[in-house]
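Visitor: Let me see the structure of the following:
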Amino acid sequence: MVPKKENENNLLLIVGSLVIAVILWVIVFNASDSVVNASKSVEIQTVNENAMTDNKLDYELLTKSVEVSYKVRSQDIGRVGASDFNVYVDLSQVSKSGAAEVYVDVLNGKDSYIADIECKPSVISISTEDIQTVSIGIDTVVIGEAKTNYSVDTVETGDKSVNITGPASEIGRISKADVTIDVNKISSDISGKQKIVFKDSNNNVVDLDSMDKVTSDISETSYIVTVAETKEVELHATIKGKPAEGMIYTSYTLNPTKIKVIGAPDIVDKIDTIEIGDFDITGKQETYTADVNVSNILPDGAMLASASGQVKLTVNIAEIEIPTTAETESTVAETEESESLNGPTVGIEESTAEHKE
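Guide: Next up, the predicted model:
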């Protein structure tokens, strides 16, 4: 039989061994699953953006991301990613100097084994600038030429201007807006819609679609092009009255004799001649001249195709030539000689009567 004292010693040894084993297990476990420091680079988000828009301000984060550091057991380190953190700044709390505190939230239930969370930097700078709305007139750029004897009369756009909104620095890049309209070979009115193109001061195209902070109230506009027909027509004058005694009207001349008019095709097609007016030469003793401005007498809806509408009228008036006594005697002698050679006078009178008729 084993003595009682020896049994007690064995029990103490067993208990001591178990305690030592537990201590060793704890030491080994802690050594293999120790708490470690880790970090992730996380992009900064924003909240309460209306604080900026309400004050007509645009903003830019001068720091785009922060380094989030934390403590986690080594066995859990692989379970934590950048998407488990929400890093943000509150735009309603931006100071006058443009500083904003950075906040961090742990997502996806990972806060149960993540501790001592910090981010660097913890404060970032935010730049702001005014948001402007500018109205720019829409210009038309016409390319091509209308069909022969036709020309572009008017070009009208449905919108006279376009409003663009955005940061002042971006808006300042845009100097003008235009639409391009092709009129090549047209002979009648055309209409449609065309995209508005924005350009800088050097006439380079500015792509509004690539400017995410700049918007326009319209992207295209309607247009109407009216066409006019050009036609060369004759000029005509009416001469009335008789010149002074002893004078005779012979003819009139016009310089120019034709003139080009332009207007809607349905109007111009009906114009064959233009009457420049009635001119009374009663009592005139010499050649009569007059200057006429044709632009004042054109039919409604027609206009001159050239700048000048001046026409010069010349009415030729000449003195009637009365034969002298010598010429009369010569004529009588010739008549008598003719009678002696050709027969009785009665035959001559009959011939003259037929010519008058």
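
Visitor: how about the nearest residue to P256, chain neighbours excluded?
Guide: V311 (6.6 Å; CB to CB, 6 or more residues apart in numbering). (Glycine included, C-beta is placed from N, CA and C.)

Visitor: For that neighbour, grab the count of nearby residues.
Guide: 20 (other CB atoms under 10 Å).

Visitor: Run through the bridge partners of it.
Guide: Note on V311: beta-bridge partners by DSSP bridges are V292.

Visitor: quick one: the helices in the stretch 51-200 of the chain?
Guide: 168-171 (DSSP state H, counting those that start in this stretch).

Visitor: Quick check: which ranges of it have low pLDDT?
Guide: Counting by pLDDT under 70, the stretch 51-200 of the chain contains no low-confidence range.

Visitor: Let's see the pLDDT reported for the residue nearest to P256.
Guide: V311 carries a pLDDT score of 94 in this model.

Visitor: who's in contact with it?
Guide: Each residue near V311 by CB atoms under 8 Å, 6 or more residues apart in numbering is listed here: 235, 254-256, 259, 276, 291-294.

Visitor: Which ones among these map onto strands?
Guide: Judged by DSSP state E, strands contain the following of the contacts of V311: 235, 254-255, 259, 276, 291-293.

Visitor: Can you tell me which of those lies closest to G98?
Guide: G98 has its nearest neighbour among these in N293, at 70.5 Å by CB to CB.

Visitor: Surely the closest one and L313 touch.
Guide: No. Using CB atoms under 8 Å, N293 is not in contact with L313, being 11.8 Å away.

Visitor: what about those two, which has more around it?
Guide: Comparing N293 with L313 by neighbour count (other CB under 10 Å), the higher total belongs to L313, at 19 against 12.

Visitor: in the host helix or strand of the more buried one, what's buried?
Guide: Assigned by DSSP states H and E, L313 belongs to strand 310-319. Buried positions in strand 310-319, judged by neighbour count with 16 or more other CB atoms under 10 Å: 311, 313, 315, 317.

Visitor: Quick one: distance of that strand to the chain centre.
Guide: 53 Å (CA atoms, centre = their mean, to the nearest Å).

Visitor: do the same with stretch 90-107
Guide: So, by CA atoms, centre = their mean, the centroid of stretch 90-107 is 42 Å from its chain's centroid.

Visitor: List the buried residues of that stretch.
Guide: Within stretch 90-107, the residues scored as buried using 16+ other CB under 10 Å are 91, 94, 100, 102-104, 106.

Visitor: now those residues as TSV including distance to D130?
Guide: Listed next are the buried residues of stretch 90-107 as TSV, based on distance: CB to CB, whole Å:
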residue	distance to D130
L91	16
V94	15
A100	19
V102	25
Y103	27
V104	31
V106	37
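
Visitor: and the two most separated of the residues you listed?
Guide: Largest pairwise distance in the buried residues of stretch 90-107, by CB to CB, is 24.3 Å, between V94 and V106.

Visitor: still on that earlier bit, alpha carbons of the strand holding L313, as PDB, please.
Guide: Only the C-alpha atoms of strand 310-319 are listed here, as PDB (Å, rounded to 0.1, in the frame of the first residue of the first chain):
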ATOM      1  CA  GLN A 310     -29.400 103.400-110.000                       C
ATOM      2  CA  VAL A 311     -30.500 103.400-113.600                       C
ATOM      3  CA  LYS A 312     -29.800 106.200-116.100                       C
ATOM      4  CA  LEU A 313     -32.500 107.000-118.700                       C
ATOM      5  CA  THR A 314     -31.700 108.900-121.900                       C
ATOM      6  CA  VAL A 315     -34.500 110.100-124.200                       C
ATOM      7  CA  ASN A 316     -33.000 111.100-127.500                       C
ATOM      8  CA  ILE A 317     -34.700 114.300-129.000                       C
ATOM      9  CA  ALA A 318     -33.500 115.600-132.300                       C
ATOM     10  CA  GLU A 319     -34.300 118.700-134.500                       C
END
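
Visitor: In the stretch 251-357 of the chain, where is pLDDT below threshold?
Guide: By pLDDT under 70, the low-scoring segments of the stretch 251-357 of the chain are 323-357.
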